[in-house]
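Asker: below is the sequence, then the predicted model.
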Amino acid sequence: MKDYEVYSSLRVPKNLKVIVRLDGRAFHKLASDLKLTKPYDENFYRVMAEVCVNLFKEFSAIFAYTFSDEISLLLDNLPFDGRVEKVNSILAGFTSSSFVLHYGADFKKPPAFDSRIIPVNETDILRYFKWRQDESWINCVNSYGISYLKNMYSNDEANDKIKGMKLNEIHELLFQNGINLNDVDTYKKRGIGVYRKNKKIEGFNKKENKNQTSYRSYVYTDWQLPIFNEEFFKNIGAIK
Ligand SMILES: Nc1nc2c(ncn2[C@@H]2O[C@H](COP(=O)(O)OP(=O)(O)OP(=O)(O)O)[C@@H](O)[C@H]2O)c(=O)[nH]1
Ligand SMILES: [Mg+2]
């Protein structure tokens, strides 16, 4: 029967970095079940950031990035010898259980995440994360826009109105009504990142009888991400 497992030998090509993107299944429903605040629920974002830290540590990632219900994980070495079924199923399972552990709520239904693998070369890394960060900004404008319109119109009317509006029109409508998106928390516009940072440690070397500076890396959760650029990804060691 073993040869019925026709997908089990499917592997990601070696020597490529890989991004795994995880996305919450039907989280619009979970958001309503858990009564998440709109447009942003800070506790939900805190939980997603904790899940990123778990994933980052468990799979020795280079970078984890989250906004809304999605997480992108940049990996140098794929676990499980790059076996696609293993990577996708274990990472999706790990993300779902980490989410449940950190959320600690009485869920109506077990939450689940899907998982996909995106092999990337060096030049794709910045392009990929810029794409997701742009999406985070679009999500921010739309979320504030729909929240504002729902205060004025019925749900259906608000949904119809926002569909017909361009991003800059929503931005302008909000601005005219006293909501300046430039002033909202950075993480709502740009998402949250997890990566390693170096900590400076001043010590005394007894043998050599002198002061000594050393560096130790630690896992850092960045709620104040810059707009992604080459320098950022060089600094975190994601690109050369
Ligand atoms: N209220 C609230 N909802 C949120 C927040 N973050 C994410 N969500 C919800 O999560 C959804 C994520 O969007 P999608 O991934 O496109 O939709 P989905 O319902 O998860 O559907 P699939 O991913 O296709 O299964 C949003 O549409 C919101 O309903 C938040 O901070 N507050
Ligand atoms: Mg989703």
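Answerer: Structure received. On a predicted model such as this, the values are computed, not experimentally measured, just so you know. Ligands and ions are numbered 1, 2, ... in the order given.
Asker: use CA for all of it now, contacts and neighbours both
Answerer: Noted.
Asker: which parts of the chain sit against ligand 1?
Answerer: Residues of the chain lying near ligand 1 by C-alpha under 6 Å from any ligand atom: 23-28, 31, 36-41, 68-69.
Asker: so which of those residues comes closest to residue 169?
Answerer: Nearest to residue 169 among these is residue 39, at 18.0 Å by C-alpha to C-alpha.
Asker: which residues touch the residue most central in space within the chain?
Answerer: Closest residue to the average C-alpha location of the chain: residue 66 at 1.4 Å, with C-alpha atoms, centre = their mean. Taking C-alpha atoms under 8 Å, 6 or more residues apart in numbering, we find residue 66 in contact with 48, 49, 52, 72, 191, 192, 193.
Asker: re earlier: only whichever of the residues of the chain next to ligand 1 are buried, select them in PyMOL.
Answerer: Provided next is the PyMOL selection string for whichever of those are buried by 16 or more other C-alpha atoms under 10 Å:
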select buried, resi 23+24+27+39+68+69
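Asker: point out the ones among the residues of the chain next to ligand 1 that are inside strands.
Answerer: 23, 24 (DSSP state E).
Asker: which one of the residues of the chain next to ligand 1 is nearest to residue 100?
Answerer: Out of these, the member with the shortest distance to residue 100 (by C-alpha to C-alpha) is residue 24, at 11.9 Å.
Asker: and this protein, which residues reach ligand 2?
Answerer: 23, 24, 25 (C-alpha under 5 Å from the ion).
Asker: for the residues you listed, give me CSV that also has distance to residue 136.
Answerer: Output for those, formatted as CSV (distance: C-alpha to C-alpha, whole Å):
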residue, distance to residue 136
23, 14
24, 15
25, 18
